[in-house]
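Chemist: this one's sequence-less:
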């Protein structure tokens, strides 16, 4: 009996991530109204964070989106240019920037929520709750490899 080779986890994870980002963007376009500019997955994530924590600091956005602060700065700058958010200095600490959701950004949330519901349903299709719990546990493990000392 020959042993089955181990799964190519790094390749599978990288490939899945790239394809998932492309698929998310496609799903968002499908649920958007004709002629509506759709946010990128990262922009959509920022809109969701701001919907819950309007006026979030740039640091909080970086933490919630799991992005480097420099990446969040560029992301918010592009979203400001689109009129979806505005950035202002914190009144108590001028060095801290807070980001506020504007009406055009807020108007995208129903479309984004519909797209995320469809995406999550499709991602979970054919898997039991136990299998999904194992996948979620493994992905959380991967997120924290740099902090694990094992």
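Modeler: Now that the structure is in, tell me what you want to look at. Bear in mind the structure is a predicted one, so any value in this text is a computation, not a measurement.
Chemist: in the chain, which spans are helices?
Modeler: 9-31, 41-52, 58-65, 69-81, 103-107, 109-124, 129-143 (DSSP state H).
Chemist: what's the angle from the first one to helix 129-143?
Modeler: Looking back up the chat, that one is helix 9-31. 110 degrees (axes from the mean of the first three to the mean of the last three Cα atoms, to 10 degrees).
Chemist: now for helix 9-31, which elements pack on it?
Modeler: helix 41-52, helix 109-124 (3 or more Cβ pairs under 8 Å, 6 or more residues apart in numbering; DSSP states H and E). For glycine as for every other residue, the C-beta is placed from the backbone atoms N, C-alpha and C.
Chemist: one more time with 10 Å
Modeler: helix 41-52, helix 109-124, helix 129-143 (3 or more Cβ pairs under 10 Å, 6 or more residues apart in numbering; DSSP states H and E).
Chemist: among these, which is the most enclosed?
Modeler: Comparing those by mean neighbour count (mean count of other Cβ atoms under 10 Å), helix 41-52 comes out on top with a mean of 19.
Chemist: give me the nearest residue to the spatially most central residue of the chain, chain neighbours excluded.
Modeler: Nearest to the mean C-alpha position of the chain, by Cα atoms, centre = their mean, lies residue 45 at 3.9 Å. Nearest residue to residue 45, sequence neighbours excluded (Cβ to Cβ, 6 or more residues apart in numbering): residue 65, at 5.2 Å.
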